[in-house]
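Asker: below: sequence and its predicted model.
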Amino acid sequence: MRDFFKQSVRLTVTLLLMGLTGCALGPDYQRPETHVNDQWQGEAIADHHAHAVDTGIWWHQLDDPLLTELVDEAMQHNYSLAVALANIERAKALRRQAGAGYYPQVDAKGSGSRSRFSRQTGFGANTGTRNTFSASLDASWEADLFGRTRRTIESADAGIQAGEAERQGVMLSVVAELASNYFEARGLQRQVVMTRRNIGLLREVEGIARIQSDLGVTTELDLMQASGERETYEARLPNLEAEINARIYRISVLTGKSPEFYLESLQQMQVLPMPGDMVPVGLRSDILKRRPDVQQAERELAVATAGIGIAKADLFPSFSLTGAIGTSARVFSDLFSPATLTRTIGGALGWPVFSGGALTAGVDVAEAEAKAALSNYERSVLLALEDGEASLMRYAKEWQTLKLLQSAEVTRKKAFTIARLRYEAGEEGFMVILDAERALITTQNDIISSETRILTGLAQLYKALGGGWATDVVINPDD
């Protein structure tokens with residue numbers, strides 16, 4: 001018995017050391033190197049050191065309590081975020097599951113039976129009735145000689161980090177979409193107010209045309225044109241109101257509520273909270289550290305790289321140690337007495353000699369998945385840079401557009417005033433005042449649309465650049 005015990009200990013220690021010092025097959029992961037110019041492209045971008053702002057909660061700078069409340073609700077109750085959070089919990093559970101491979105598996109067993117044997121066919125002790133009781137602890141442990149468990153844990157760790165990045169990406173998308181719909185709803189409400197104001201202006205022009213027609217200064221055609229123009233603008237109101245409701249429905253769903261939940265609180269018109277025309281954006285190379293989609297793609301590459309080692313480990317033998325200690329007795333009270341104790345220890349070797357090429361094909365699959373993950377990462381880098389550049393340029397150029405439209409509005413107002421005075425004096429035909437009025441209304445609507453695009457562009461800009469960054473570079477729309 002003593003020799004058996006020594007051999008058991010020797011086998012246990014040997015396998016334990018083999019498991020601890022075994023190599024991990026497959027490539028060790030290294031983050032891909034990317035070389036990105038720190039300077040943003042285009043004439044709208046200029047180097048400038050501005051006062052730092054808390055860009056992680058960029059919507060606070062708009063000083064709109066209702067928008068802040070809506071974003072907070074979305075962060076707590078949005079269902080896409082709930083799915084992403086559940087995926088992270090799943091990834092963490094998989095990590096715990098993978099880590100269990102380092103430890104022995106122990107099972108407890110117990111049994112009891114009462115058997116009656118035939119007196120004719122049995123002999124000796126195998127006759128009559130007999131009780132049997134047993135209890136045991138069975139243990140098994142597989143040495144991680146070729147790093148399969150180690151690579152599985154690496155993959156699980158990277159999977160958790162990929163899930164965290166995915167959740168951050170969902171947060172950015174939810175905030176950007178909610179803010180964009182909020183800004184569009186406010187812009188549409190302003191268009192409704194402006195349209196009603198313009199209808200009132202058209203009624204005044206219609207009244208002037210009626211007076212001129214009654215005096216015989218103009219024909220009835222002028223009056224019909226004025227009436228038709230007013231009716232055309234009145235026909236725009238139902239569609240504008242429908243689009244406002246559609247935006248409110250979307251906002252409600254994004255916050256985890258039924259579509260009509262915010263109809264009452266958002267129906268009242270509110271002035272658009274315009275931002276400043278200078279936005280800090282940081283260095284272009286920092287976008288790779290901030291963008292969640294880039295970080296997720298990089299972590300998925302780490303998962304795929306670890307998968308190569310897992311697949312290669314399946315090609316090699318597995319060594320496991322098994323053991324059991326228990327007791328077996330014919331009388332229950334004798335259980336655990338020295339005479340009834342049993343013990344077993346052993347080792348096992350398993351090696352897939354032939355699998356029809358399935359295991360080598362598994363390695364090829366893992367390597368192909370790693371190549372695809374690398375290409376996906378490189379693509380995500382380029383798409384991030386493209387998105388950032390395009391968002392910056394659109395935002396800066398839209399500010400230039402707004403300033404030109406505001407200047408045009410001043411000119412259009414003067415032209416309409418002059419045309420109205422000349423028409424009332426009979427010096428110009430009706431089409432002159434109608435054209436001047438159309439031009440003014442169009443410019444005013446374009447201003448509202450431009451201001452809305454600036455705000456939605458701001459939301460997309462923060463999303464494109466990852467939500468928060470150091471203040472090193474700003475957009476200057478006047479450049």
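Answerer: Nice, thanks for sending it over.
Asker: tell me where the stretch 251-400 of the chain has helices.
Answerer: Remark: helices assigned in the stretch 251-400 of the chain by DSSP state H, counting those that start in this stretch are 263-267, 287-290, 292-313, 358-424.
Asker: mean neighbour count, the ones you listed: which tops it?
Answerer: Ranked by mean neighbour count, the helices of the stretch 251-400 of the chain are led by helix 292-313 with a mean of 23 (mean count of other CB atoms under 10 Å). Quick note: C-beta positions are derived from backbone N, CA and C, even for glycine.
Asker: and it, what other elements does it pack with?
Answerer: Using 3 or more CB pairs under 8 Å, 6 or more residues apart in numbering; DSSP states H and E as the contact criterion, the elements in contact with helix 292-313 are helix 148-214, helix 287-290, helix 358-424.
Asker: may I see these arranged in CSV, with distance to F133 and mean pLDDT as well?
Answerer: Below are those laid out as CSV (distance: least, CB to CB, whole Å; pLDDT from 0 to 100):
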stretch, distance to F133, mean pLDDT
helix 148-214, 37, 89
helix 287-290, 65, 84
helix 358-424, 45, 91
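Asker: out of the helices of the stretch 251-400 of the chain, nearest to G110?
Answerer: Among these, the nearest to G110 by CB to CB is helix 292-313 (35.8 Å).
Asker: dump the C-alpha coordinates for that closest one into CSV.
Answerer: C-alpha atoms of helix 292-313 as CSV (Å, rounded to 0.1, in the frame of the first residue of the first chain):
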residue,chain,number,x,y,z
PRO,A,292,-15.9,51.6,-29.8
ASP,A,293,-16.3,49.9,-33.1
VAL,A,294,-12.5,50.0,-33.7
GLN,A,295,-11.9,48.7,-30.2
GLN,A,296,-14.5,45.9,-30.7
ALA,A,297,-12.9,44.9,-34.0
GLU,A,298,-9.4,44.8,-32.4
ARG,A,299,-10.7,42.6,-29.5
GLU,A,300,-12.5,40.3,-31.9
LEU,A,301,-9.1,39.9,-33.6
ALA,A,302,-7.7,38.8,-30.3
VAL,A,303,-10.5,36.3,-29.9
ALA,A,304,-9.8,34.8,-33.3
THR,A,305,-6.1,34.7,-32.7
ALA,A,306,-6.6,32.7,-29.5
GLY,A,307,-8.9,30.4,-31.5
ILE,A,308,-5.9,29.2,-33.5
GLY,A,309,-4.1,28.0,-30.4
ILE,A,310,-7.3,26.2,-29.3
ALA,A,311,-7.6,24.4,-32.6
LYS,A,312,-4.0,23.4,-32.6
ALA,A,313,-4.1,22.0,-29.1
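Asker: tell me the mean pLDDT over it?
Answerer: When pLDDT is averaged along helix 292-313, the result is 93.
Asker: stretch 220-227 now?
Answerer: Stretch 220-227 shows a mean pLDDT of 79.
Asker: return the set of buried residues in that stretch.
Answerer: Of all the residues in stretch 220-227, those buried under the rule 16 or more other CB atoms under 10 Å are 222-223, 225-226.
Asker: picking up where we left off before, nearest to N87, out of the helices and strands packed on helix 292-313?
Answerer: Counting by CB to CB, N87 lies closest to helix 148-214 out of those; the figure is 5.1 Å.
Asker: now the element after the closest one, going C-ward?
Answerer: Reading on from helix 148-214 to the C-terminus, the next helix or strand found by DSSP states H and E is helix 220-234.
Asker: report the two of the buried residues of stretch 220-227 separated the most.
Answerer: Greatest spatial distance in the buried residues of stretch 220-227: L223 and Q225, 7.3 Å, computed using CB to CB.
Asker: overlap of the contact sets of these two?
Answerer: Common neighbours of L223 and Q225, counting by CB atoms under 8 Å, 6 or more residues apart in numbering, are A209.
Asker: of all the helices of the stretch 251-400 of the chain, which one is nearest R230?
Answerer: For the helices of the stretch 251-400 of the chain, the distance to R230 is smallest for helix 358-424, at 15.7 Å, taking CB to CB.
Asker: buried residues of the following helix or strand past that closest one, list them for me.
Answerer: Following helix 358-424 in sequence order, the next helix or strand is helix 430-464 (DSSP H and E). Under the neighbour-count criterion of 16+ other CB under 10 Å, helix 430-464 has 430, 432-434, 436-437, 439-441, 443-464 buried.
Asker: sweet, I'm off.
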